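In: Have a look at this prediction, sequence included:
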Amino acid sequence: MTTAVETLEVLDEAKAPALEDYFGLSEAELSERIEAARKALGSRLVILGHHYQRDDVIRHADYTGDSFKLSKLAAEHPEAEYVVFCGVHFMAESADILRPGDQKVILPDLGAGCSMADMATAEQVEDAWEQLGALGLLEASKIVPVTYMNSSAAIKAFCGEHGGVVCTSSNAVPLFDKYLKEADKLFFFPDQHLGRNTGVRFGIPLDEMALWDPNQELGGNTPKQLRRARLILWKGHCSVHGRFRPWHVEQVRKEVPGIKVLVHPECEREVVEMSDLDGSTEFIIKAIEEAPAGSAWAVGTEVNLVDRLAKAHPDKQIRLLAPDLCMCATMYRIAPQNLAWALDSLVVGRVVNQITVPEGTKAWARVALDRMLAIK
């Protein structure tokens, strides 16, 4: 039987492998090939795995975390020539923006995107900005554009160029605290729910929040509504967290008396209001880790993470908030086959699926990210 190491030696003398060559391999064979390639590449390689990634991929990651944490970790390893990001497209872009030197960032499957990020294009945001300018709002009041990390590099660059900033679910509260003191309005995109839930924390009434639909003139608002609004929210949402409903909370409380409900702030407002706790992915993990043995939790976030938490904490009752599957389908596109192919290609000197952000875009996006990093 030919071992994965022997296969790599053959590949080194032959042409680079083709992705279709990997689909007939067993899980054990794929795992062996991935580990052999990791060993061959050594410190030249860093593999990043997002918390929502499937288990058969994330087990091979050097680091796990949310998108921004992983991008920063990659930047802290300048000795690595290659950063293989097991996540989605905007995450790999962020790693390329923050990378030191000539690191190459690789996304094992270019089809791994983010439906939320796709709900706001740079062209749509620029058009909205122009419409606000036509109303005189850009001159009459200070509007700060704030983009969620789950957005394209082009939108991050737009924020950098227009005095704006990038936001994560972990730092949304301190970021809002800073910029609401400095600005008359925040224009938040692309996730309406994180923006709304954070705005409510600061006492902004719902009638002072305008929802901007990019497919309508003035986002579907009147000039009066936009002038009054302190928070303009883009009409976008997460396809995973948007599936949790109030009836899910009601049902789980009936089924398990005393259960704690813990959700991500990308959930709709009513779900967050009905929950016991809400917070970022890192917050959710920490809350479960610190919970007492025997406690029961219904968690409203991506199923791979919930299943992983349940396995890691058998002394606690941990379940998905919804009875149906809440999976990030685009994240799931990255499979062991993609990872093995990308790594074997690197071993023979071929870089596949490299994510490269144009220099001009990168410079302004870095400005927006640096403004976020400056917030204490």
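Out: That came in fine, so what should we check first?

In: ok, the nearest residue to Ala172 once chain neighbours are set aside - how many residues close by?
Out: Nearest non-adjacent residue to Ala172, counting by C-beta to C-beta, 6 or more residues apart in numbering: Thr198, 4.5 Å away. All C-beta spots, glycine's among them, are computed from the backbone N, C-alpha and C. Residues near Thr198, counting by other C-beta atoms under 10 Å, number 23.

In: Same check on Val347?
Out: Val347 is flanked by 22 other residues according to other C-beta under 10 Å.

In: in the host helix or strand of the residue nearest to Ala172, what counts as buried?
Out: Assessed by DSSP states H and E, Thr198 sits inside helix 192-201. Within helix 192-201, the residues that count as buried by 16 or more other C-beta atoms under 10 Å are Gln192, His193, Leu194, Gly195, Arg196, Asn197, Thr198, Gly199, Val200.

In: residues in contact with the residue nearest to Ala172?
Out: Counting by C-beta atoms under 8 Å, 6 or more residues apart in numbering, Thr198 touches Ala172, Val173, Phe176, Pro265.

In: what about it, distance to Pro145?
Out: 15 Å (C-beta to C-beta, to the nearest Å).

In: Phe23 now?
Out: 43 Å.

In: For the two, indicate the residue with more neighbours.
Out: Of the pair Phe23 and Pro145, Pro145 is the one with more neighbours under other C-beta under 10 Å, namely 25 against 10.

In: Kindly confirm my reading that that one is in a strand.
Out: Yes: Pro145: assigned to a strand according to DSSP: H, G, I helix; E, B strand; the rest coil.

In: which stretches of the stretch 201-350 of the chain have low pLDDT?
Out: 325-326 (pLDDT under 70).

In: can you give me the strands in it?
Out: 209-212, 231-234, 260-263, 277-278, 296-300, 317-320 (DSSP state E, counting those that start in this stretch).

In: In the sheet, which strands lie alongside the fourth one, parallel or antiparallel?
Out: This means strand 277-278. According to DSSP bridges, strand 277-278 forms sheet pairs with strand 260-263 (parallel).

In: now what about the strand it pairs with, what contacts it?
Out: Here strand 260-263 has contacts from 241, 244, 249, 252-253, 271-272, 274-279, 284, 287-288, 291, 295-301, 321, using C-beta under 8 Å, 6+ apart.

In: Narrow these to just the buried residues.
Out: Among the contacts of strand 260-263, the ones that count as buried (16+ other C-beta under 10 Å) are 241, 244, 249, 252, 271-272, 274-275, 278-279, 284, 287-288, 291, 296-301, 321.

In: Which ones among these lie within helices?
Out: In this view, those that belong to helices under DSSP state H are Val249, Val252, Val271, Val272, Met274, Ile284, Ala287, Ile288.

In: Mind putting those into TSV with distance to Gly220?
Out: Below are those laid out as TSV (distance: C-beta to C-beta, whole Å):
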residue	distance to Gly220
Val249	29
Val252	34
Val271	24
Val272	24
Met274	27
Ile284	33
Ala287	37
Ile288	39
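
In: and of the residues you listed, the nearest to Gly87?
Out: Ile284 (17.4 Å; C-beta to C-beta).

In: hang on, the closest one packs against Val299?
Out: Yes: at 6.4 Å, Ile284 counts as touching Val299 under the criterion of C-beta atoms under 8 Å.

In: Between those two, which contacts overlap?
Out: Leu262, Leu305, Leu309.

In: neighbours of the last one, just the number please.
Out: Using other C-beta under 10 Å as the criterion, Leu309 is surrounded by 22 other residues.

In: Looks like it contacts Ile318 (just checking).
Out: Yes: at 5.4 Å, Leu309 counts as touching Ile318 under the criterion of C-beta under 8 Å.

In: Need the residues touching each of those two.
Out: Joint contacts of Leu309 and Ile318 (C-beta under 8 Å, 6+ apart) are Ile288, Val299.

In: and which of the buried residues of helix 192-201 is nearest Glu29?
Out: Leu194 (41.1 Å).

In: Please report the distance of that closest one from Asp213.
Out: Leu194 sits 17 Å away from Asp213, taking C-beta to C-beta as the criterion.

In: And the furthest pair within the contacts of Thr198?
Out: Phe176 and Pro265 (11.7 Å).

In: who's more crowded, those two?
Out: Pro265 (25 against 21).

In: Spatially nearest residue to that one, not counting backbone neighbours?
Out: Asn197 is the one closest to Pro265 (C-beta to C-beta, 6+ apart), at 4.6 Å.

In: which residues touch that neighbour?
Out: With C-beta under 8 Å, 6+ apart, Asn197 has these contacts: Pro265, Cys267, Arg269, Val272, Asp278.

In: sec struct for Gln53, please.
Out: Gln53 is classified as coil under three-state DSSP.

In: list the contacts for it?
Out: By C-beta under 8 Å, 6+ apart, the neighbours of Gln53 are Ala61, Thr64, Cys86, Gly87, Asn304, Met331, Ile334.

In: the helices in the stretch 51-200 of the chain, which residues?
Out: For the stretch 51-200 of the chain, the helices defined by DSSP state H, counting those that start in this stretch occupy 55-58, 67-75, 89-98, 115-118, 122-134, 137-140, 153-161, 172-182, 192-201.

In: Go through those helices and name the closest to Gly49.
Out: That would be helix 55-58 among these, by C-beta to C-beta, at 4.0 Å.

In: Next, the buried residues of the closest one.
Out: Val57, Ile58.

In: Now do it: everything it contacts.
Out: Contacts of helix 55-58 with the rest of the structure, by C-beta under 8 Å, 6+ apart, involve 27, 30-31, 49-50, 64, 86, 304, 307-308, 334-336, 339.
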